[in-house]
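Q: Provided below for reference: sequence and predicted model.
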Amino acid sequence: AQKITQTQPGMFVQEKEAVTLDCTYDTSDQSYGLFWYKQPSSGEMIFLIYQGSYDEQNATEGRYSLNFQKARKSANLVISASQLGDSAMYFCAMREGLREYGNKLVFGAGTILRVKS
Amino acid sequence: EAGVVQSPRYKIIEKKQPVAFWCNPISGHNTLYWYRQNLGQGPELLIRYENEEAVDDSQLPKDRFSAERLKGVDSTLKIQPAELGDSAVYLCASSFGSGGPNTEAFFGQGTRLTVV
């Protein structure tokens, strides 16, 4: 069963506007972590933001924020004031907390974001 | 502090030839992962090491893929013989700790393999 679903293969956003990248997940575990990574064309995976399942507040890191809706099992990434350098592939990932699943980071298929000037 | 280092960055080989990738994780990181990323898709875990022990290799095609992590530091991933479908980016990542849900994985730049 697919654990992470990113339904938007590609997105366009105008420079300086905000954009939301969708992510839904599936887990029966109560303890889990959700991550967003950015992958530019150069190939490296860059960590952006983390949200724990028990965190009561949505995570924020500079222009990145995570809209965490636990009941809906969604963890959407919001990028505010988009910049041309934000053009990249974005991956949502989940790590489950049970020891038997421990350390396994499962990725979605990704969303490619293009920022237009 | 140096990040995860992978080599080579690019490799082009003919099918049926062997190929090996090398990864040096961040110093002190006990967990090492190898992922394969096909074009336009997310990374998929091939194998995970905790120190020198392979604790999850369920997705590793064992008929042609092998990996080792001697002394619990550097790791090598090998394909022999390579097939056209093995063309992908091979990513190495490392993390520290017992693997709780907040464990962040740090990735190398990957090796882009093209099999012709």
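A: Yes, it's here. Residues are numbered from 1 along each chain as shown, chains lettered A, B, ... in the order given.
Q: following the helix-or-strand element of chain A with minimal mean pLDDT, which helix or strand comes up?
A: Ranked by mean pLDDT, DSSP states H and E, the weakest helix or strand in chain A is strand A:105-107, scoring a mean of 89. Sequence order places strand A:111-116 as the next helix or strand after strand A:105-107, per DSSP states H and E.
Q: neighbouring strands - and their directions - for that following strand?
A: Using DSSP bridges, strand A:111-116 pairs in its sheet with strand A:10-14 (parallel), strand A:88-96 (antiparallel).
Q: residue A:24 against residue A:72, yeah?
A: Yes. Contact criterion Cβ atoms under 8 Å: residue A:24 and residue A:72 qualify, at 7.4 Å. Yep, even glycine has a C-beta here, placed from its N, CA and C like the rest.
Q: more neighbours: which of those two?
A: residue A:24 (18 against 10; other Cβ atoms under 10 Å in any protein chain shown).
Q: pLDDT at the more buried one, what is it?
A: With respect to pLDDT, residue A:24 scores 97.
Q: bridge partners for it, pull those for me.
A: Bridge pairing for residue A:24 - DSSP bridges - gives residue A:5, residue A:74.
Q: that one and chain B, how far apart?
A: For residue A:24, the distance to chain B (Cβ to the nearest Cβ, to the nearest Å) stands at 14 Å.
Q: against residue B:26, how distant is that residue?
A: In this structure, residue A:24 and residue B:26 are 31 Å apart, going by Cβ to Cβ, to the nearest Å.
Q: next up, the contacts around residue 25.
A: Just going to use chain A. Residue A:25 makes contact with A:3, A:4, A:5, A:32, A:34, A:73, A:74, A:75, A:92, A:94, according to Cβ atoms under 8 Å, 6 or more residues apart in numbering or on different chains.
Q: actually chain B
A: So residue B:25 contacts B:4, B:32, B:73, B:74, B:75, B:92, B:93, B:94 (Cβ under 8 Å, 6+ apart).
Q: per-residue pLDDT, the most centrally placed residue in chain B?
A: Nearest to the mean C-alpha position of chain B, by Cα atoms, centre = their mean, lies residue B:34 at 2.7 Å. As predicted, residue B:34 sits at a pLDDT of 96.
Q: tell me which helix or strand it sits in.
A: With DSSP H and E as the test, residue B:34 turns up in strand B:31-37.
Q: equivalent analysis for residue A:38, please.
A: Here residue A:38 is assigned to strand A:32-39, by DSSP H and E.
Q: picking up where we left off before, leaving out the residues flanking it, which one is nearest to the residue nearest to the centre of chain B?
A: residue B:46 (4.5 Å; Cβ to Cβ, 6 or more residues apart in numbering or on different chains).
Q: in chain B, which spans are strands?
A: Ranges of strands in chain B, per DSSP state E, are B:5-7, B:10-13, B:19-24, B:31-37, B:44-50, B:53-56, B:65-68, B:75-79, B:88-95, B:106-107, B:111-115.
Q: if we can go back for a sec, name the nearest of the contacts of residue B:25 relative to residue A:28.
A: residue B:93 (25.1 Å; Cβ to Cβ).
Q: I figured that closest one hits residue B:35, correct?
A: Yes. If you go by Cβ under 8 Å, residue B:93 and residue B:35 touch, sitting 6.7 Å apart.
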